[in-house]
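Visitor: Sequence first, predicted coordinates after that:
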Amino acid sequence: MDKVRQLIKRWLPHSLFTRLQPAYHYLLAFLGALVHRFPSRDIVVIGVTGTKGKSSVTEILSHILRSDDKKVASLSTIQFSIDGEVERNLFKMTMPGRFFVQKFLRQAVTAGCTHAVIEMTSEGAKQFRHKFIELDALIFTNLTPEHIESHGSFENYKTAKLSLAKAVENSSKRPRYLVANVDDEHGSDFLNFEVEQKLPYSLKDLKLYTLHKDGFSLVFGDNTVRVPLIGLFNVYNTLAAITLAKALGVPSEKIYSSLGKLPQLKGRVEKFRGVLADKRSATVVVDYAHTPDSLTKLYEAFPNQTKICVLGNTGGGRDSWKRPEMGAIAEKYCGRIILTNEDPYDEDPMKIVNDMRAGMSESAPVKIIMDRKEAIKEAIMDCPDGGLVLVSGKGTDPYIMGANNTRVEWSDAEVCQALLAELS
């Protein structure tokens, strides 16, 4: 279908192609559902949207539901899973094409899954990838500026997200659930729809929470839950999953027990530890943080620790406004900074890095190493004993994208593990 679209784009005037795009996307969405016999009608479908935390909430909620002996399918930026069969997401997009999503749901139904948890994006909504998916529920995490150049404005970006809540309101399913983080200034807007259950969540729901070096504790009444995830942002992600799980009837004791056994989330504050040849201990963290807000929260999750930060953090041709801001954030929180290549696409990668450098002072402790592997290696070699290397921007992204849509296979996690072994 992409080849057909590119052919049409080549021959049609740009203005006409732009006007026809919504109809094209809508038709594909309908055909995808028709070919796969509208599978969302036969399974509980939960959407997860927001600027940050979508993948984490998808994985946490799926884990909780499985702990209640439910057969679960999940689709996220990280991976696709159908009843325990896991496949890495290699699409370089969160919501693949309409035919893929509908096929995924049909396979989940065929496998006997009762629930599907799907990460949903503004770009996907803009292209109608959510159409003809009958939603039972939507979780909203938070909203900060992203994809502004693609959507044209923050308001357009927000409107695309809100269209997912509207899809729940329009769903034929009953009951319908809307779950929203009301500590976020936009949260109440995602509850402003006619559904059976509107479920706000907030830190105020907790009697107490405590952040630890290796996780956090939540206190609900007389219950204390220790969760092996790091950072306040993951407190919110966990609250989102708990809120809907309880509404779906999962017993509290099963929820709390399952959270204590939560596996490390791939590419989301994913830790790797090693002891180098000279006996220095080093911890490397791989994370997807690629917005100013998420980068700040990542760095704040590791207070009072020496941080060497490796970042590229802005792909070519998009959201160039945030580049100097990301550089300034790195200077504020990091003991040393290495700027490197990420996904330049058709833009000069050196220009992207220089745009980030422009947000720092002249005296900033920064190096530019364009080879991403060499940048990570340098950071590990420079890491003081007990220090921390933070590699941000890609998470589980499977490729480094270059000019003319060329791609190089990549895994930050695999590279970090291999370098720790090499330098040990």
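Guide: On my side now, so go ahead.
Visitor: Which of the helices or strands spans the residue lying closest to residue 305 once chain neighbours are set aside?
Guide: Nearest residue to residue 305, sequence neighbours excluded (C-beta to C-beta, 6 or more residues apart in numbering): residue 388, at 5.0 Å. In this view, the C-beta of every residue, glycine as well, is placed from N, C-alpha and C. For residue 388, the enclosing helix or strand under DSSP states H and E is strand 387-392.
Visitor: And that strand, what does it pack against?
Guide: Under the contact criterion of 3 or more C-beta pairs under 8 Å, 6 or more residues apart in numbering; DSSP states H and E, strand 387-392 touches strand 281-287, helix 292-300, strand 307-311, helix 372-382, helix 412-422.
Visitor: Put the alpha carbons of the next helix or strand after the shortest one into PDB.
Guide: Which is strand 307-311. Per DSSP H and E, the first helix or strand lying C-terminal to strand 307-311 is helix 323-333. These are the backbone C-alpha positions of helix 323-333, laid out as PDB (Å, rounded to 0.1, in the frame of the first residue of the first chain):
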ATOM      1  CA  ARG A 323      16.900  20.900  20.000                       C
ATOM      2  CA  PRO A 324      18.500  23.800  22.000                       C
ATOM      3  CA  GLU A 325      16.100  23.100  24.900                       C
ATOM      4  CA  MET A 326      17.300  19.500  25.100                       C
ATOM      5  CA  GLY A 327      20.900  20.700  25.100                       C
ATOM      6  CA  ALA A 328      20.200  23.100  27.900                       C
ATOM      7  CA  ILE A 329      18.500  20.400  29.900                       C
ATOM      8  CA  ALA A 330      21.500  18.100  29.500                       C
ATOM      9  CA  GLU A 331      23.900  20.900  30.600                       C
ATOM     10  CA  LYS A 332      21.700  21.500  33.700                       C
ATOM     11  CA  TYR A 333      21.600  17.800  34.900                       C
END
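Visitor: what mean pLDDT does helix 323-333 have?
Guide: Per-residue pLDDT over helix 323-333 has a mean of 97.
Visitor: Tell me the buried residues in it?
Guide: By 16 or more other C-beta atoms under 10 Å, the buried positions in helix 323-333 come out as 323-331, 333.
Visitor: Can you list the strands that the helix or strand just after that helix pairs with?
Guide: Proceeding N to C from helix 323-333, the next assigned helix or strand is strand 336-339, under DSSP H and E. Counting by DSSP bridges, the strands paired with strand 336-339 are strand 307-311 (parallel), strand 366-368 (parallel).
Visitor: Name the residues that touch stretch 311-325?
Guide: 145-150, 289-292, 295, 326, 330, 337-347, 349, 352-353, 355-356, 358-359, 372, 390-394, 401 (C-beta atoms under 8 Å, 6 or more residues apart in numbering).
Visitor: and with 6 Å instead?
Guide: By C-beta atoms under 6 Å, 6 or more residues apart in numbering, the residues outside stretch 311-325 that reach it are 149, 290, 292, 326, 330, 340-345, 347, 352, 355-356, 358-359, 392-393.
Visitor: Please pick the buried ones from these.
Guide: 290, 292, 326, 330, 340-345, 347, 352, 355-356, 359, 392-393.
Visitor: what about residue 212, distance to residue 230?
Guide: Applying C-beta to C-beta, to the nearest Å, the value for residue 212 to residue 230 is 8 Å.
Visitor: higher neighbour count, these two?
Guide: residue 230 (23 against 11; other C-beta atoms under 10 Å).
Visitor: Wasn't that one part of a strand?
Guide: No. According to DSSP: H, G, I helix; E, B strand; the rest coil, residue 230 belongs to no strand; its state is coil.
Visitor: residues in contact with it?
Guide: Applying C-beta under 6 Å, 6+ apart, the residues near residue 230 are 269, 301.
Visitor: burial measure for residue 80, as a count.
Guide: 20.
Visitor: pretty sure it contacts residue 87?
Guide: Yes. Between residue 80 and residue 87 there is a contact under C-beta atoms under 6 Å: 4.8 Å.
Visitor: picking up where we left off before, which stretch among the helices and strands packed on strand 387-392 comes nearest residue 103?
Guide: Among those, the nearest to residue 103 by C-beta to C-beta is helix 412-422 (27.7 Å).
Visitor: got the angle between the closest one and helix 372-382?
Guide: Using axes from the mean of the first three to the mean of the last three C-alpha atoms, to 10 degrees, the inter-axis angle of helix 412-422 relative to helix 372-382 is 50 degrees.
Visitor: in the stretch 101-250 of the chain, which spans are strands?
Guide: In the stretch 101-250 of the chain, the strands defined using DSSP state E, counting those that start in this stretch lie at 115-119, 137-140, 177-181, 197-201, 208-212, 215-220, 223-227.
Visitor: Show the model's pLDDT score for the residue of the chain most remote from its centre.
Guide: Relative to the mean C-alpha coordinate of the chain, counting by C-alpha atoms, centre = their mean, the farthest residue is residue 278 (36.3 Å). You'll see residue 278 listed with a pLDDT of 95.
Visitor: what helix or strand does residue 45 sit in?
Guide: strand 44-49.
Visitor: Show me what secondary structure element comes after that strand.
Guide: Beyond strand 44-49 toward the C-terminal end (DSSP H and E), the next one is helix 54-67.
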